[in-house]
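1. sequence? don't have it. structure:
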């Protein structure tokens, strides 16, 4: 029987500094993530508020333009009344026409079924000799600009 004489050292105990060293980077990353998320929320809220104010300003501008449009429509209605036009004619010394004259112009009326060429049916001479239309005409036929 052989005996080996060795000293057995007691197991090493982990110190609190080694635990703190392992959790330190994770804690730092977690705090940085929380700060970034908080800043993103502040930026988003700020942008939403700015957009809300811009929308309100545009709605106010729209209301002002619509009010001006209604005022101009009322002015047009007032200025185009027959009573006002007759008063202005009297003020300017104008009198109603004694007789009405009409002028007839000799212009030929267009044919009843005159269509633009793009809407007219295809001529027989445009088709190929065998009576079938070419492949590219069949391809372009459903398009609206033909």
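-> In hand now; what should we look at? The shown structure was predicted, so the numbers you read here are calculated from the model rather than taken from an experiment.
2. element containing residue 27?
-> Residue 27 is located in helix 16-79, with elements delineated by DSSP states H and E.
3. quick one, the helix or strand residue 86 falls within and helix 16-79 angle?
-> For residue 86, the host element (DSSP H and E) is helix 82-91. Angle of helix 82-91 versus helix 16-79, following axes from the mean of the first three to the mean of the last three CA atoms, to 10 degrees, is 60 degrees.
4. Give the rounded mean pLDDT of helix 82-91.
-> The average of the pLDDT scores along helix 82-91 is 90.
5. Which helix or strand lies directly C-terminal to that helix?
-> Once helix 82-91 ends, the next helix or strand along the chain (criterion: DSSP H and E) is helix 135-140.
6. That following helix - contacts with which helices or strands?
-> Here helix 135-140 touches no other helix or strand, going by 3 or more CB pairs under 8 Å, 6 or more residues apart in numbering; DSSP states H and E. For every residue, glycine as well, the C-beta is placed using N, CA and C.
7. Give the buried residues for stretch 37-49.
-> For stretch 37-49, the neighbour count (16 or more other CB atoms under 10 Å) marks no residue as buried.
8. Off-centre distance for the helix holding residue 86?
-> Mean C-alpha position of helix 82-91 versus that of the full chain (CA atoms, centre = their mean, to the nearest Å) differs by 47 Å.
9. Pull the residues that contact that helix.
-> In this structure, residues lying in contact with helix 82-91 by CB atoms under 8 Å, 6 or more residues apart in numbering are 78, 95.
10. do stretch 66-80 as well
-> Here stretch 66-80 makes contact (CB under 8 Å, 6+ apart) with residue 84.
11. How far off centre is that stretch?
-> Distance of stretch 66-80 from the chain centroid (CA atoms, centre = their mean) equals 30 Å.
12. Now the helix holding residue 86: buried residues?
-> Neighbour-count burial for helix 82-91, counted by 16+ other CB under 10 Å, picks out no residue.
13. quick one, phi/psi of residue 92?
-> In terms of degrees, to the nearest 10, the main-chain angles of residue 92 are phi -80, psi 0.
14. Tell me how many other residues crowd it.
-> 7 (other CB atoms under 10 Å).
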